[in-house]
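> No letters, just coordinates:
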């Protein structure tokens, strides 16, 4: 590496604004590596956690990619997409199996069946559905195992260690970038919501679910990378940054609440699609019971959708929207500077806001 290259590395490594970016990247990388053994055992929780960590890393590379060389960002993003695709179908089927137990009481039906107790047709169809989805899930084991090996391999470690070794060619982000990015994501989500209201369908509601997810991850990144950890006192931290962190944390909680409601609806939709596929290949004796299960799923889907609609009317209301826009716009703005007549700080130091130099 030449002298100029060493200068760029040293400059970035010493840049305090890069430290939280690197810490966030490492936290997600470690989360994925920590779950690798359970992933190899095909633990549903580990599959979910690895997918979430991979999405957060992709969001970080999207939002903070200028810190890194573009070629390495692209390689890392492609690897993360491979991980997500490798686990996506397995995760869907794991959720379907869980819903069969919680929504359709398949677990109880299976116990009665093993005990030889009398059971209604719908219970028998529930067991048929359960076994069919278990067979679908078994076909995804190889994809999960490939992903587990990928996480344990040198390639995964090398690609992400390289991101910390060389600086990109662009200047660091300023605080305006954070406010602008969150604002754009928020406006895009509002547009997607109104598109769904105008043309309600599973597809448009799915787009809204993704919009919530993207905005939430973006806000989480800037909460960590631009506002820092309020629990760790620092000279540059002041009451303004602590309040900004609190406001953004509350907004993230609201996004998560909406995302959870949409996720619950989406889970039932995925299970229904699987059941429709199963019905097409089911023996004639199983079809009446399977159709009864479809009706129960339709009721569950309608109930969960209603819960989201009720929440969305408040979340996207005019007053709430105006307040959120104002909050995002003011979040990274520095408070007015004190004039010369004001009393200086007791320690004689200057008060700098959290957004200066970011």
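Yes, it's here. These numbers were taken from a predicted model, which means no experiment stands behind them. Numbering: from 1, shown residues only.
> Quick one: residues in contact with the host helix or strand of residue 158.
In this structure, residue 158 sits in helix 154-162 according to DSSP states H and E. By C-beta atoms under 8 Å, 6 or more residues apart in numbering, the list of residues contacting helix 154-162 from outside reads 25, 29, 32-33, 72, 75-76, 79, 150. Any C-beta I mention is one placed from the backbone N, CA and C, and that applies to glycine too.
> now swap in stretch 77-94 and tell me
32, 42, 44, 47-48, 50-51, 54-55, 57-58, 61-62, 133, 136-137, 140-141, 143-144, 146-147, 150-151, 155-156, 159, 270, 274.
> can you count the residues close to residue 249?
14 (other C-beta atoms under 10 Å).
> OK, contacts around it?
residue 223.
> returning to what we had before: buried residues, the helix holding residue 158. List them.
Of the residues in helix 154-162, those scored as buried under the neighbour-count criterion (16 or more other C-beta atoms under 10 Å) are 156, 159-160.
> can you check stretch 314-333 too?
Along stretch 314-333, the positions that meet the burial threshold by neighbour count (16+ other C-beta under 10 Å) are 315-316, 324, 327-328, 331-332.
> Let me see the mean pLDDT of stretch 146-163.
Model confidence over stretch 146-163, given as mean pLDDT, is 91.
> swap that for stretch 46-57, sorry
Here the mean pLDDT over stretch 46-57 is 96, rounded to a whole number.
> quick check, distance from the longest helix anywhere in the chain to the centre of its chain.
Of all segments of type helix in the chain, defined using DSSP state H, the longest is helix 239-281. Remark: helix 239-281 is offset 9 Å from the chain centroid, using C-alpha atoms, centre = their mean, to the nearest Å.
> State the next helix or strand along the chain beyond that helix.
Taking DSSP H and E as the definition, the helix or strand that follows helix 239-281 towards the C-terminus is helix 287-315.
> Residue 128 - nearest residue in space that isn't next to it in sequence?
The spatially closest residue to residue 128, leaving aside those adjacent along the chain, is residue 286, at 4.9 Å (C-beta to C-beta, 6 or more residues apart in numbering).
> ok, the buried residues of helix 154-162 vs residue 301, which is closest?
Distances from the buried residues of helix 154-162 to residue 301 were compared by C-beta to C-beta; the smallest belongs to residue 156, at 37.5 Å.
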